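K.L.:
below are the sequence and a predicted model for it; my questions follow.
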Amino acid sequence: MAEGISGAGLLRSFLAGFVFTLPAARASETVGLLPDPGTSGELPGVKRFRYGEKGLEFEATDSSTFLWLGFRLQGRYDTLPGNPTDAADLLEPDTDEWSLNRGRIKGGGHLFTEAFEIYSEYDFTSNGWLDYRATVHLGDQLGIRFGQWKSEFNRERIDSSGAQQFVDRSLSNYWFTLDRQLGVAAELRLWAEQVADSSLWLEFLSGRGLGATFGDDSRLWMMRWQWNPQGEVLDFGQADLDRRDDLITAVTLATVFGDSHYTRFSSSGGGQLPGFGYGDYRLNQWMLETAARWRGFSWQQELHWKDVEDLRAGGHREMVGGYAQVGVFPAECWNGFPDPLELTARIASVDPDTSRSSDRQWEWTLGANWYFQGHRNKISADLSLLDFDDPATGEESELRFRLQWDLSF
């Protein structure tokens, strides 16, 4: 175990150094070592800097090494900031605000060979390292990953906040996501381009959340099986920006089980769901997920079941929830609509304790996106009706409006 922790630390230090030492280059200009006077052409192995699709890019002439560095800013106006988790949160006075919700520095690429891929991400609004990971690709069918990253459990959380159709994720994400953790994983592609085409993820995670190391008292296992009916993998990310002519779909089953001191995970690390304190818990989760894209139309859905067993006090608590959302570019059907406009709708619900009545939470959201440059430069707006039942105070409802500009460069 000590060797694994040391390796993760070395990887984190290396990627940190990569992010902060990569030199700057002028946009749309290639910078390289010049050949000696009197020679012609480019010296073998000369390395170049340029500004490309991901930001500042660095590439060896033989493409054995390719690295990139990018930045992302997300400014948001929100009439109900934060994540409401019970009816009392909807009764708080309005605290609408403008904020720099996310400020990220990202770096990645491959080193020495395309088979060795690295990625790192830092958020300077929270002063925290989010990702530091390396993936070794053993052919086209198998990849091994180690480091810290967002667990490939549920699509909504895997989708980057900069590649979503709404200003933020649904209310169900708070209750069921695994988020970022230290771990090791394997990804397999089986029966590629056949009717049974499948993607399989197996992960062993620390069970301690963001920024924590492995320990003997906590561990989580995650397995995700995704069926690709068209023989093509539906990539993570939302909206059919490519306006695909051919339908592509995915059907997924995923499970999580293991022990942890925490009952929920987020970008802040391990934490507790309402009604829980720090303790010893056994988590057991299942999820059914579907997704599709075709001619500007997109769909995705998740249905979750989660059981939290208290290993100290005894007893357990079950919860269910999920969401469904659609997006459409109306210009695909009516020429009078502007091409960059996408309209979206989502419904989400959570039952935090199936043994109790009158504690259901609902979200109904309508949204719109204007894409200047795909997900790299867009303005998003959404309006939600949040309706929470509480056994003590009864039903509470609140409207929430959010406006956001997301820019990557």
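P.N.:
Noted; the coordinates are in hand.

K.L.:
so how far is the helix or strand containing Ser397 from its chain's centroid?
P.N.:
Per DSSP states H and E, Ser397 falls inside strand 394-408. Averaging C-alpha positions (CA atoms, centre = their mean, to the nearest Å) puts strand 394-408 19 Å from its chain's average.

K.L.:
ok, stretch 365-378 next?
P.N.:
17 Å.

K.L.:
list the buried residues in it.
P.N.:
Buried residues in stretch 365-378, counted by 16 or more other CB atoms under 10 Å: 365, 367-369, 371, 375-376, 378. C-beta coordinates here come from the backbone N, C-alpha and C atoms, glycine included.

K.L.:
can you list these in CSV and add secondary structure?
P.N.:
Formatted as CSV, these follow (DSSP: H, G, I helix; E, B strand; the rest coil):
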residue, secondary structure
Thr365, strand
Gly367, strand
Ala368, strand
Asn369, strand
Tyr371, strand
His375, strand
Arg376, coil
Lys378, strand
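
K.L.:
just the helices in the stretch 51-200 of the chain please.
P.N.:
Using DSSP state H, counting those that start in this stretch, the helices of the stretch 51-200 of the chain run over residues 87-91, 155-158, 172-176.

K.L.:
tell me how far the shortest one is from the chain's mean position?
P.N.:
With CA atoms, centre = their mean as the basis, helix 155-158 stands 5 Å off its chain's centre.

K.L.:
where in the stretch 1-150 of the chain is pLDDT low?
P.N.:
1-47, 93-94 (pLDDT under 70).

K.L.:
how about the helices of the stretch 51-200 of the chain, which one is nearest Asp242?
P.N.:
Of all the helices of the stretch 51-200 of the chain, helix 155-158 sits nearest to Asp242, with 17.7 Å by CB to CB.

K.L.:
okay, strands next: where are they in the stretch 151-300 of the chain?
P.N.:
Assigned by DSSP state E, counting those that start in this stretch, the strands in the stretch 151-300 of the chain fall at 180-190, 198-205, 219-227, 248-260, 264-266, 269-271, 281-294, 297-310.

K.L.:
which stretch among those strands comes nearest Asn335?
P.N.:
When those are compared by CB to CB, strand 297-310 sits nearest Asn335, at 16.8 Å.

K.L.:
what lines up beside the closest one in the sheet?
P.N.:
strand 281-294 (antiparallel), strand 316-328 (antiparallel) (DSSP bridges).

K.L.:
dump those to JSON lines, plus mean pLDDT, distance to Gly109 and mean neighbour count.
P.N.:
Listed next are the strands paired with strand 297-310 as JSON lines, based on pLDDT from 0 to 100; distance: least, CB to CB, whole Å; neighbours: other CB atoms under 10 Å:
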{"stretch": "strand 281-294", "mean pLDDT": "98", "distance to Gly109": "27", "mean neighbour count": "19"}
{"stretch": "strand 316-328", "mean pLDDT": "98", "distance to Gly109": "30", "mean neighbour count": "19"}
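
K.L.:
Throw the ones you listed into JSON lines and include distance to Pro340, thanks.
P.N.:
Shown next, in JSON lines, are the strands paired with strand 297-310 (distance: least, CB to CB, whole Å):
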{"stretch": "strand 281-294", "distance to Pro340": "17"}
{"stretch": "strand 316-328", "distance to Pro340": "13"}
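
K.L.:
number of nearby residues for Asp168?
P.N.:
19 (other CB atoms under 10 Å).

K.L.:
so what pLDDT did it get?
P.N.:
pLDDT, Asp168: 96.

K.L.:
who's in contact with it?
P.N.:
161, 402 (CB atoms under 8 Å, 6 or more residues apart in numbering).

K.L.:
ok, it to Gln74 distance?
P.N.:
10 Å (CB to CB, to the nearest Å).

K.L.:
same thing with Lys150?
P.N.:
From Lys150 across to Gln74, the span is 17 Å (CB to CB).

K.L.:
ok, back up a step: give me the contacts around the strand holding Ser397.
P.N.:
Contacts with strand 394-408, where a contact means CB under 8 Å, 6+ apart, come from 55, 70-80, 84, 87-88, 90-91, 101, 161-162, 167-168, 358, 375-390.

K.L.:
coming back round to it: export the buried residues of stretch 365-378 to TSV and tack on pLDDT and distance to Gly211?
P.N.:
Compiled in TSV, these are given as follows (pLDDT from 0 to 100; distance: CB to CB, whole Å):
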residue	pLDDT	distance to Gly211
Thr365	98	31
Gly367	98	32
Ala368	98	36
Asn369	98	32
Tyr371	98	34
His375	96	27
Arg376	96	28
Lys378	98	30
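
K.L.:
now for those residues: which two are most distant?
P.N.:
Using CB to CB, the pair of the buried residues of stretch 365-378 lying farthest apart is Thr365 and Arg376, separated by 23.3 Å.
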